[in-house]
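Student: sequence first, predicted model second:
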Amino acid sequence: MGAAESLAQVADTERYPLAEPDGPGWAEAVSRTRAELAETGCCVLPDFIRPALRDVLRDECARIAPSAHYDVETVNAYNIDIGTPLPDDHPGRITVQRGNAFVARDRVPAGAVIHRLYTNGLFQRFVASCFGLPRVHELADPLSGLVLNVVKPGMEHPWHFDTNEFTVSLLTQEPEEGGVFEYCPNIRTAERENFADVRDVLTGRGGRLVRRLALRPGDLQLFKGRYSLHRVSTVRGDTARHTAIFAYSERPGVIGSVARTRQLFGRVLPEHLAAEGRAVRVDQLLD
């Protein structure tokens, strides 16, 4: 089966004509997405997954959710060691409890909707075009790349910055209450940390900087999380929030660090040990 046919099976290619990469519909979708990313660092494509597959999408992810690694821990917005020496007023000294969990890629069946989408060549080409890149690569990491983020009732994914410059995600199950995606568009740049505004948000004084996004199952989100502080608010009710995260890189062969991998998944593999120390940074931000 070709990439176009495979993509059309899971994505609403009538609404988003991505099966024809040289057509006007593709160009219009890319142009609109690029404009929103340039303005706010975030773009949502509503109902990206075919309506007939919403229940399948939810059920497949719900089945693997129990495989998530749970480890409530004390963290800061930069995901650096909380014992790192920092000035008294530094936002990195503000700590919170991180209670979200991740299902690793090696627990996601190859036939699952999210796996079929993540590995589709045309989908990858669309993602690259939206972010203005010649191409994107799946992570070589056997645990990261494609993961399911699980936020149980009573938990949240606290304020943080992403390590990757960009992230693509897909909500697969919404909670009864809460679990709202909140973000601060371009609160920092590759050259400027802007610690004052970050501290205001973390201490509840930066409401003017925060945007809130209502996401529904099947909505695709493209996001520049390296420069936009963001979180998922506390989930309420009896239903967990599930989100598939599609991580790509501008270069091939990317594998996560040993420390970060163990933090997220509770384990590391030989590939992580072999790659340790070879990471290449795209900027000199704190993290």
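Tutor: Thanks, I have it. This is a predicted model, so every value here is computed, not measured.
Student: low pLDDT regions in the stretch 51-200 of the chain?
Tutor: Across the stretch 51-200 of the chain, nothing is flagged by pLDDT under 70.
Student: just the helices in it please.
Tutor: Here the stretch 51-200 of the chain has its helices, by DSSP state H, counting those that start in this stretch, at 54-64, 113-118, 121-130, 195-202.
Student: deepest of the ones you listed, which one?
Tutor: helix 113-118 (a mean of 22; mean count of other Cβ atoms under 10 Å). C-betas here are computed from N, CA, C, even on glycine.
Student: how far does that helix sit from the chain's center?
Tutor: On the basis of Cα atoms, centre = their mean, to the nearest Å, helix 113-118 sits 15 Å off its chain's mean C-alpha point.
Student: so what touches that helix?
Tutor: Identification of contacts with helix 113-118 by Cβ atoms under 8 Å, 6 or more residues apart in numbering yields 6-7, 9-11, 49, 53, 56-57, 60-61, 108-109, 123, 138, 145-146, 148, 170, 172, 244, 246.
Student: which among the helices of the stretch 51-200 of the chain is found nearest to Ala214?
Tutor: Closest to Ala214 of the helices of the stretch 51-200 of the chain, according to Cβ to Cβ: helix 54-64, at 16.5 Å.
Student: give me the subset of the contacts of helix 113-118 lying in strands.
Tutor: Among the contacts of helix 113-118, DSSP state E puts Glu138, Leu146, Leu148, Leu170, Thr172, Ala244, Phe246 in strands.
Student: residues contacting the nearest residue to Leu171 once chain neighbours are set aside?
Tutor: Once flanking residues are discounted, Leu171 sits nearest to Leu215: 4.6 Å by Cβ to Cβ, 6 or more residues apart in numbering. The contact partners of Leu215, taken as Cβ under 8 Å, 6+ apart, are Val44, Leu171, Glu174, Phe181, Gln221.
Student: out of the residues you listed, who's nearest Gly23?
Tutor: Comparing the contacts of Leu215 against Gly23 with Cβ to Cβ places Val44 closest, at 22.3 Å.
Student: am I right that that closest one sits in a strand?
Tutor: Yes: counting by DSSP: H, G, I helix; E, B strand; the rest coil, Val44 falls inside a strand.
Student: got the contact list for stretch 71-84?
Tutor: Under Cβ under 8 Å, 6+ apart, the answer for stretch 71-84 is 91-99, 101, 155, 158-161, 163, 198, 202, 229, 260, 263, 266, 286-287.
Student: and the helices of the stretch 51-200 of the chain: which comes nearest Ala275?
Tutor: Ala275 lies closest to helix 113-118 among the helices of the stretch 51-200 of the chain, at 20.7 Å (Cβ to Cβ).
Student: model confidence for the closest residue to Glu276 other than its chain neighbours, exactly?
Tutor: Leaving aside its chain neighbours, Glu276 sits nearest to Val258 (5.2 Å; criterion: Cβ to Cβ, 6+ apart). Looking at Val258, its pLDDT is 86.
Student: and Val258, how far from Leu269?
Tutor: Per Cβ to Cβ, to the nearest Å, Val258 is found 10 Å from Leu269.
Student: ok so, going back, tell me the two of the ones in strands among the contacts of helix 113-118 that are most distant?
Tutor: Most distant of the ones in strands among the contacts of helix 113-118, by Cβ to Cβ, are Glu138 and Thr172, 19.4 Å apart.
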